[in-house]
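> Kindly return the folded structure for what I paste below:
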Amino acid sequence: MIEDCFAKDNSFERQLMLSFQDFLNIDVGKFSMAEILASYSDKVLRKGGIKGDRKLVDEQLDSIALLFAYLFDKDLFLLVYRNHLARRILQESYEDFELEKHVITRLKLVCGM
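Sure thing, here's the model as predicted:
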């Protein structure tokens, strides 16, 4: 749509990105989107979290990493994610430990680390 209607206008692309970022960071009730996204990632990574093959889980994790890039409150996401990760490890309720490491690597890339 951007290519056809707006001839790849950089100002339009930037405004579209900023609008999406504002929309994504609206609180939902008493929860922030960072908390909701971290809780959803816990559901995806927990044993029996998403029914399906590894490809489906990878697609969900790619979507989480993409949305994480647009969050204003990345610190809150990381705090909630870290608490969920600790709980999964202590209770041994993670699906695949290598997948856990891969998610951390994806998040570090988004943060620029």
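> which residues pair with residue 28 across the strands?
Note on residue 28: beta-bridge partners by DSSP bridges are residue 31.
> Please report how far it lies from residue 85.
22 Å (CB to CB, to the nearest Å). Where C-beta positions appear, they are placed from N, C-alpha and C, glycine not excepted.
> So for the two, which residue has more residues nearby?
The neighbour comparison of residue 28 against residue 85 (other CB atoms under 10 Å) goes to residue 85, with 19 against 9.
> which SSE is the residue nearest to that one when sequence neighbours are not counted in?
Leaving out its chain neighbours, the residue that sits closest to residue 85 by CB to CB, 6 or more residues apart in numbering is residue 100, at 6.8 Å. For residue 100, the element it lies in under DSSP states H and E is helix 97-111.
> Other residues contacting that helix?
41, 45, 57, 61-62, 64-65, 68-69, 74, 78, 81, 85, 88-89, 94 (CB atoms under 8 Å, 6 or more residues apart in numbering).
> mind running it again at 10 Å?
Applying CB atoms under 10 Å, 6 or more residues apart in numbering, the contact partners of helix 97-111 are 41, 44-45, 54, 57-58, 61-62, 64-71, 74, 77-78, 81-82, 85, 88-89, 94, 96, 113.
> Ok, stretch 74-94 next?
For stretch 74-94, the external contacting residues (CB under 10 Å, 6+ apart) are 31-39, 41-43, 45-49, 64, 67-68, 71, 73, 95, 97, 100, 103-104, 107, 110-111.
> how near is the residue nearest to residue 85 to residue 14?
35 Å.
> Those two: which has the busier surroundings?
Of the pair residue 100 and residue 14, residue 100 is the one with more neighbours under other CB under 10 Å, namely 15 against 10.
> Distance of that one relative to residue 72?
25 Å.
> cool, and residue 53?
The value you get for residue 53 to residue 72, if CB to CB is used, is 33 Å.
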